[in-house]
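Participant: Following is a predicted model, sequence given first.
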Amino acid sequence: MDILKVFKRTKRRKYPIIRDEKGKSARKRCFEMFEEQVPFEEIAAATGAKLNTVYRYHRQWLKNPGIETTIKYFKKLLNPLAPNRERQIELIAQVLGFSKEQVETTLRQPHGLRRLFSGKIYFPKQAEADHKCYIAMEIANLISDHLLKNGGKLEDVKYAFDRWMKENQINREEEDEDNKEENENIAFARKLIEADVEDEKQGRIKPDRLSEQEVTAIDFSEKFIAIAKLKDNRNIEYEVIDTTDENHLKKLPRNVFDSIVCTMALMDMEDIGPLINHLPKLLKKDGVFIFSSLHPCFNSGDNTLAHERCDLGGKVKDKYFVKISNYLIETKELGIGMLGQPKPQYYFHRPISTILRHLFENGFVLDAFEEPSFTSIENSNSIFDNVFKHTPPALICRLKIK
């Protein structure tokens with residue numbers, strides 16, 4: 001029995017919850033305005049909350065930006081009068097690894113729905129995942145001890161890896177949607193190990209540092225960041241950042257970078273505005289921004305690689321060229337980055353004037369411009385190699401802040 005009820009006392013909060021005329025707390029109103037990208041100062045004025053409190057709420061919101069929308073949706077879905085409520089609870093229980101009765105009990109508790117979707121309840125599936133993570137770390141430590149403490153070779157790791165693949169070959173050959181991604185990951189991991197084994201055989205040692213300077217590396221993909229960390233360049237700090245999201249970019253420190261390099265990525269980004277708008281806030285004074293990209297004129301958008309054979313002056317000659325259409329029209333198209341990739345990817349074509357205009361409007365000036373091509377390739381049968389032998393497939397630009 002609750003001792004407070006015995007003496008007819010109620011437990012009080014240290015600070016009362018201040019609600020508006022609609023019954024919304026300041027925290028909930030802040031979350032809603034974060035979704036609408038209202039400036040922090042205006043949020044503080046509208047809710048009556050201190051600015052430091054707004055910052056704290058924003059950090060909470062960043063952990064799960066869509067939680068208010070999610071909770072609002074599931075409140076309607078799990079309403080006691082909803083026709084499919086029982087089925088929805090069964091599905092939630094199945095996904096979270098809970099029994100249906102446990103989900104029902106949690107929903108009846110204060111803020112139960114919010115606790116379900118904010119990760120404040122530890123589910124059996126989480127425990128299972130944590131255990132697997134622990135086992136994976138133990139295996140990684142064993143491999144590390146073999147390579148470092150016992151003087152083992154990467155070739156031993158490759159041998160064990162190949163043996164494991166052979167034992168599971170039958171299951172992998174019967175590929176379906178459930179194990180397709182796993183197969184791709186295994187194949188990629190094997191390529192990484194093979195590359196390191198070759199380095200080991202050739203006596204090439206990886207440097208501990210790229211340079212005396214500190215480096216911060218970012219990517220939208222957690223998987224790519226994990227692969228990059230395998231390279232073990234210890235002066236690199238890795239961050240998972242979506243450069244099309246201004247809130248993500250705010251996680252980076254301000255005015256500390258001597259240079260920012262964006263390698264072959266702008267054409268993969270649907271919106272380059274947030275990144276370019278934020279660059280001056282990241283760079284030091286006299287900092288530079290360098291980017292490379294598929295050449296917008298010759299290797300992007302609506303273009304066709306062509307090969308013609310003609311008789312000129314009694315000699316048969318091959319002509320390679322690119323046909324270009326609708327260069328100034330910005331488009332989004334699916335394409336192939338390399339032959340054999342499992343799925344096509346999106347490319348976002350925009351003329352070079354659009355890219356540079358964004359940069360000029362943010363105080364940058366262009367001070368270097370390169371258009372590399374495959375001039376060193378000889379006797380290739382590839383139409384791509386021959387077209388881009390004397391036509392640039394990419395461009396590289398360096399810009400400085402005025």
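Facilitator: It's in.
Participant: Roughly how far does the residue in the chain sticking out farthest from the centre sit from Ile290?
Facilitator: Seen from the C-alpha centroid of the chain, the residue lying at the greatest distance (Cα atoms, centre = their mean) is Gly314, 56.2 Å away. Applying Cβ to Cβ, to the nearest Å, the value for Gly314 to Ile290 is 48 Å. In this view, the C-beta of every residue, glycine as well, is placed from N, C-alpha and C.
Participant: For the residue farthest from the centre of the chain, give me its contacts.
Facilitator: Neighbouring residues of Gly314 by Cβ atoms under 8 Å, 6 or more residues apart in numbering: there are none.
Participant: now do Thr354
Facilitator: Shown in contact with Thr354 (Cβ under 8 Å, 6+ apart): Glu330.
Participant: how close does it sit to Leu328?
Facilitator: 9 Å.
Participant: now swap in Gly112 and tell me
Facilitator: Here Gly112 is placed at a distance of 55 Å from Leu328 (Cβ to Cβ).
Participant: Comparing the two, which residue is more hemmed in?
Facilitator: Set Gly112 next to Leu328 and count neighbours by other Cβ atoms under 10 Å: Gly112 wins out with 14 against 10.
Participant: List the contacts of the one helix or strand Asp318 maps to.
Facilitator: Element membership for Asp318 (DSSP states H and E) is strand 315-325. Identification of contacts with strand 315-325 by Cβ under 8 Å, 6+ apart yields 297-299, 301-311, 383, 386-387, 389, 391.
Participant: My understanding was that Ile225 contacts Thr216; is that so?
Facilitator: No - counting by Cβ atoms under 8 Å, Ile225 sits too far from Thr216 to count as a contact (11.7 Å).
Participant: shared neighbours of these two, which are they?
Facilitator: Tyr238, Glu239.
Participant: coming back round to it: among the contacts of strand 315-325, the buried ones, what's the PyMOL command?
Facilitator: Restricted to buried positions by 16 or more other Cβ atoms under 10 Å, the PyMOL selection for the contacts of strand 315-325 reads:
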select buried, resi 297+298+299+301+303+305+386+387+389+391
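Participant: Helices of the stretch 251-400 of the chain, start to end?
Facilitator: Here the stretch 251-400 of the chain has its helices, by DSSP state H, counting those that start in this stretch, at 273-282, 352-361, 383-387.
Participant: Can you add mean pLDDT and distance to Arg398 and give these back as CSV?
Facilitator: Listed next are these as CSV, based on pLDDT from 0 to 100; distance: least, Cβ to Cβ, whole Å:
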stretch, mean pLDDT, distance to Arg398
helix 273-282, 93, 13
helix 352-361, 94, 11
helix 383-387, 87, 26
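Participant: Please identify which of those helices is closest to Gly340.
Facilitator: Shortest distance between Gly340 and those, using Cβ to Cβ, is found for helix 383-387: 14.6 Å.
Participant: Need the residues that contact the closest one.
Facilitator: In contact with helix 383-387 (Cβ under 8 Å, 6+ apart) are residues Leu305, Ala306, His307, Asp318, Tyr320, Phe321, Val322, Phe374, Ile377, Ser380, Pro393.
Participant: List the beta-bridge partners for Cys310.
Facilitator: Beta bridges link Cys310 to Lys317, judged by DSSP bridges.
Participant: Look up how far Ala368 lies from it.
Facilitator: Applying Cβ to Cβ to Cys310 and Ala368 gives a distance of 38 Å.
Participant: what does Asn235 give?
Facilitator: In terms of Cβ to Cβ, Asn235 sits 26 Å off from Ala368.
Participant: So for the two, which residue has more residues nearby?
Facilitator: Ranked by neighbour count (other Cβ under 10 Å), Asn235 and Ala368 place Asn235 first, with 14 against 11.
Participant: Can you name the next helix or strand after the lowest-mean-pLDDT helix or strand in the chain?
Facilitator: Taking mean pLDDT, DSSP states H and E as the measure, helix 3-6 is the helix or strand of the chain with the lowest mean score, a mean of 43. Using DSSP H and E, the next helix or strand after helix 3-6 towards the C-terminus is helix 26-35.
Participant: Centre of the chain to that next one, how far?
Facilitator: Mean-position distance between helix 26-35 and its chain equals 26 Å (Cα atoms, centre = their mean, to the nearest Å).
Participant: For that helix, C-alpha coordinates in CSV please.
Facilitator: The C-alpha coordinates for helix 26-35 follow below in CSV (Å, rounded to 0.1, in the frame of the first residue of the first chain):
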residue,chain,number,x,y,z
ALA,A,26,5.5,24.0,-22.2
ARG,A,27,7.6,21.0,-23.1
LYS,A,28,5.0,19.7,-25.6
ARG,A,29,4.5,23.2,-27.1
CYS,A,30,8.3,23.4,-27.5
PHE,A,31,8.4,20.1,-29.3
GLU,A,32,5.7,21.2,-31.7
MET,A,33,7.5,24.4,-32.5
PHE,A,34,10.8,22.6,-33.0
GLU,A,35,9.1,20.6,-35.8
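Participant: Since that was my last question, I'll sign off now.
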